[in-house]
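1. generate a structure from the sequence data that follows.
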Amino acid sequence: METYSAIVLSLLIFVPLAGVAILSFIPRSQENTIKTVTLGVASLVFILSVPMYFAYDISNPDMQFAYIANWIPNWGAYYSIGVDGLSLLLILLTTFIMPLAVIASWKSVHFHVKGFMISLLLLDAGMVGVFCARDMLLFYVFWEAMLVPMYLIIGIWGHEQRIRAAVTFFIYTMAGSLFMLVAIIYMYFQTAAVVVDGTVISNHSFAIQSFMALQLPYDTQVYLFWAFALAFMVKVPMFPFHTWLPLAHVEAPTAGSVDLAAILLKMGPYGFMRFCISFFPAVSEQYTPVIIVLALVGIIYGALVAMVQPDAKKLIAYSSVSHLGFVMLGIYSMNIQSWQGAMLIMVGHGISTSALFLMVGLLYDRRHTRLIEEFGGLWKVMPVFSVIFMIVCLSSLGLPGTNGFVGEFLVLIGSFNSSLDHARLYATIAMLGVILGAVYLLWMYQRIAFGEIKNEKNKSLKDLSLREYALLIPFVLLIFWFGVYPKTLTDKTEATMQKNLKSYKTAIENVKTTAPGSEMKKNVNNLQVK
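-> Numbers count the residues shown, from 1 in each chain. You can find the predicted model right below:
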């Protein structure tokens, strides 16, 4: 087990890259072989990741499965990776989704199949790397590296406006990331030297712990906080930086939409929890009302806009804006219930919304349209599809007993009981998002599944195939598992979250004790998060 713990994260990163190397030697004409190899590699990565869940020590809040090796030691940059309660579930979600994304694209990608499968594997490696990096330069490399395969997936294998969608996605995310890069470079030059056995290896360090130990003036921290926050707000995405998302979702192929919804959007909230709050606790507290107001606007705005969408895929895309608003509300309510709720929403959204995109993709493969008005009465010709579609819609709107309920419930309880000013008002406004979510999801389902079959093309639609059963049944099982017994998830996150929240609150109390009242900002340089 010690050997497994030392190498598992590296395997999750490099096995997909080895798969890319294997695919490069397979002639592009052998499409079935390419698909089979890709599915085998993605499945192997998932299998390798599963023992992490059972081997993870829930009593240990620190990094586990850690590994460090020289990378660019003269710069203080190391290949340093590890997992704690903030990243474990997101890595497992990534490895779970990728084989299903390959299966989803089995019959829907008809050209340049080799390039598409290579892009999926590169994306897999990059996403895992983001969640386990413990070195800021390594984190940024993975953060930027995953943009390229997603850009290609949207731009080459997308729909009519794929070029516009790909360019918009790349510009938004790259622009936000550049601000973060400037902040990383500035903080790097403020860190202490790396000394080993009395020898100075490098004058500065990219280690996350070195960044956390910095003591910077408050005004400087404000600029740095917003540089990081902008990159993460674009990725969430939060209002008003959300406009790239609906276009990217609609134009991406099904597998691209699944990866985007399930994994890439979670990197924004993860960044806030991992970096913004840990690096800049005083600034985070100061601007909590701003973040929460933007989150609430996203919850209500996303739900209202989703209600009027004629395109099922665009409706689901706007629902993501609303759901991720709940995540940000939970994070900045700053208590254990809200943080665990935020993590459960991230995992639950990754499952439910991925399933929704997959099912809309199945309809598109049959009818080559996503317009809701083109359907109706599918219960009569596709009864199994309609049952599973109903289960997924109910989980997405937060029906008790499904994965969507637990996360939203914990976020609302946590925000209602938080120490924030106007906390109960925030929770009340967020509850409206739950109601609106039921409206747009049930209305969409009613128009697609119920009623009479008015379009003759729908009468000949076939129900799910064996491949599609294999694709959707895992989602159904997880929907009920996480909804009935969420303890299997919350136990893995609690220790790390308790530790981080305690460090945050201790840091804030130290600042207030040192410099109460209006002098707090001036003395924030005394702050040091352990």
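
2. close enough to count as contact, Ala145 and Met127?
-> No: using C-beta atoms under 8 Å, Ala145 is not in contact with Met127; the gap is 9.7 Å. Just so you know, the C-beta spots here come from the backbone N, C-alpha and C atoms, and that holds for glycine as well.

3. quick one: Trp106 and Arg467 touch, right?
-> Yes: contact between Trp106 and Arg467 holds when scored by C-beta under 8 Å: they sit 6.5 Å apart.

4. would you state the helices of the stretch 101-250 of the chain in chain order?
-> 113-132, 136-145, 147-157, 162-188, 208-212, 218-235, 244-251 (DSSP state H, counting those that start in this stretch).

5. low-confidence stretches in the stretch 101-250 of the chain?
-> Where the stretch 101-250 of the chain drops to pLDDT under 70, the residues are 197-198.

6. list the contacts of the worst-scoring helix or strand of the chain on mean pLDDT.
-> None of the helices or strands of the chain scores lower by mean pLDDT, DSSP states H and E than strand 194-196, at a mean of 75. Identification of contacts with strand 194-196 by C-beta atoms under 8 Å, 6 or more residues apart in numbering yields Pro73, Gly76, Val200, Ile201, Ser202, His204, Ser205.

7. tell me the gap between the longest strand seen in the chain and the middle of its chain.
-> Using DSSP state E, we find that the single longest strand of the chain is strand 64-72. Chain-centre distance of strand 64-72: 24 Å, with C-alpha atoms, centre = their mean, to the nearest Å.

8. mean confidence score for the helix or strand following that strand?
-> The helix or strand immediately downstream of strand 64-72 is strand 77-83, counting by DSSP states H and E. Confidence over strand 77-83 (mean pLDDT, whole number) is 94.

9. hey, C-alpha coordinates of strand 77-83 in CSV?
-> Taking Å, rounded to 0.1, in the frame of the first residue of the first chain, the C-alpha atoms of strand 77-83 are listed here in CSV:
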residue,chain,number,x,y,z
ALA,A,77,9.7,24.5,-8.5
TYR,A,78,9.1,20.9,-7.8
TYR,A,79,6.9,18.1,-9.1
SER,A,80,4.9,18.1,-5.8
ILE,A,81,1.5,16.4,-5.7
GLY,A,82,-0.9,15.2,-3.0
VAL,A,83,-4.6,14.8,-2.1
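
10. what angle do helix 113-132 and it make with each other?
-> Angle of strand 77-83 versus helix 113-132, following axes from the mean of the first three to the mean of the last three C-alpha atoms, to 10 degrees, is 80 degrees.

11. could you number the chain from 25 rather than 1 from now on?
-> From this message on, residue numbering opens at 25, which makes the last subject strand 101-107.

12. chain center to strand 101-107, what's the gap?
-> For strand 101-107, the distance to the chain centre is 20 Å (C-alpha atoms, centre = their mean).

13. do stretch 249-263 as well
-> Counting by C-alpha atoms, centre = their mean, stretch 249-263 is centred 13 Å from the centre of its parent chain.

14. for stretch 154-166, same thing?
-> 15 Å.

15. on the three-state scheme, the residue positioned nearest the centre of the chain is what?
-> With distances taken as C-alpha atoms, centre = their mean, the residue of the chain nearest its centroid is Lys290 (1.6 Å). The three-state label given to Lys290 by DSSP: H, G, I helix; E, B strand; the rest coil is helix.

16. what of the one 5 residues further on?
-> Of the three states, Gly295 takes helix according to three-state DSSP.

17. let me see the contact set for the closest residue to it other than its chain neighbours.
-> In space, Gly295 comes closest to Phe256 once its chain neighbours are excluded; the distance is 3.9 Å by C-beta to C-beta, 6 or more residues apart in numbering. Applying C-beta under 8 Å, 6+ apart, one finds that Phe256 lies in contact with Gly200, Met291, Gly292, Pro293, Gly295, Phe296, Phe299, Cys300.

18. so how far is Pro498 from Phe256?
-> Separation of Phe256 from Pro498 (C-beta to C-beta, to the nearest Å) stands at 29 Å.

19. same thing with Ala149?
-> Taken as C-beta to C-beta, the span from Ala149 to Pro498 is 22 Å.

20. ok, residues contacting the host helix or strand of Ile497?
-> Using DSSP H and E, Ile497 falls within helix 490-508. The contact list for helix 490-508 (C-beta under 8 Å, 6+ apart) reads 120, 124, 127-128, 130-131, 368, 371-372, 375-376, 378-379, 382-383, 386, 412, 415-416, 419, 424-430, 488, 512-513.

21. buried subset of these?
-> In those, burial by neighbour count holds for 120, 124, 127-128, 130, 368, 371-372, 375-376, 378-379, 382-383, 386, 412, 415-416, 419, 426-430, 488, 513, counting by 16 or more other C-beta atoms under 10 Å.

22. then stretch 157-170 to CSV, C-alphas only?
-> Extracted in CSV, the C-alpha atoms of stretch 157-170 (Å, rounded to 0.1, in the frame of the first residue of the first chain):
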residue,chain,number,x,y,z
ALA,A,157,-0.7,20.0,-7.6
ARG,A,158,1.0,21.3,-4.5
ASP,A,159,3.4,23.6,-6.4
MET,A,160,2.0,26.8,-7.8
LEU,A,161,4.0,26.7,-11.0
LEU,A,162,2.9,23.0,-11.5
PHE,A,163,-0.7,24.0,-10.8
TYR,A,164,-0.6,26.8,-13.4
VAL,A,165,0.9,24.5,-16.0
PHE,A,166,-1.9,22.0,-15.6
TRP,A,167,-4.5,24.8,-15.4
GLU,A,168,-3.4,26.2,-18.7
ALA,A,169,-2.6,22.8,-20.4
MET,A,170,-6.2,21.5,-20.1
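
23. what is the burial count for Ala79?
-> 13 (other C-beta atoms under 10 Å).

24. what's around Phe166, how many residues?
-> Phe166 has 21 nearby residues by other C-beta under 10 Å.

25. let me redo that: Ala341
-> By other C-beta under 10 Å, the residues close to Ala341 number 27.

26. what do you get for Leu205?
-> Neighbour count of Leu205, defined by other C-beta under 10 Å: 18.

27. what's the answer for Ala366, then?
-> With other C-beta under 10 Å as criterion, Ala366 counts 27.

28. one step back: of Ala149 and Pro498, who's got more company?
-> Ala149 (23 against 15).

29. does the nearest residue to that one once chain neighbours are set aside belong to a helix, a strand or coil?
-> In space, Ala149 comes closest to Pro40 once its chain neighbours are excluded; the distance is 4.2 Å by C-beta to C-beta, 6+ apart. Classification of Pro40 by three-state DSSP places it in helix.

30. my guess is Pro40 meets Phe70, correct?
-> No: under the criterion of C-beta under 8 Å, Pro40 makes no contact with Phe70, lying 11.1 Å away.

31. which one's more surrounded, these two?
-> Between Pro40 and Phe70, counting by other C-beta under 10 Å, Pro40 is the more crowded of the two (26 against 19).

32. which residues touch the more buried one?
-> Val65, Ala66, Val69, Leu145, Leu146, Asp148, Ala149.

33. give me the contact list for stretch 470-483.
-> Contacts for stretch 470-483 (C-beta under 8 Å, 6+ apart): 336, 387, 391, 396-405, 410, 413-414.

34. kindly recompute the last result at 7 Å.
-> Residues outside stretch 470-483 that contact it (C-beta atoms under 7 Å, 6 or more residues apart in numbering): Arg391, Ile396, Glu398, Phe399, Gly400, Gly401, Leu402, Trp403, Lys404, Val405, Ser410, Phe413.
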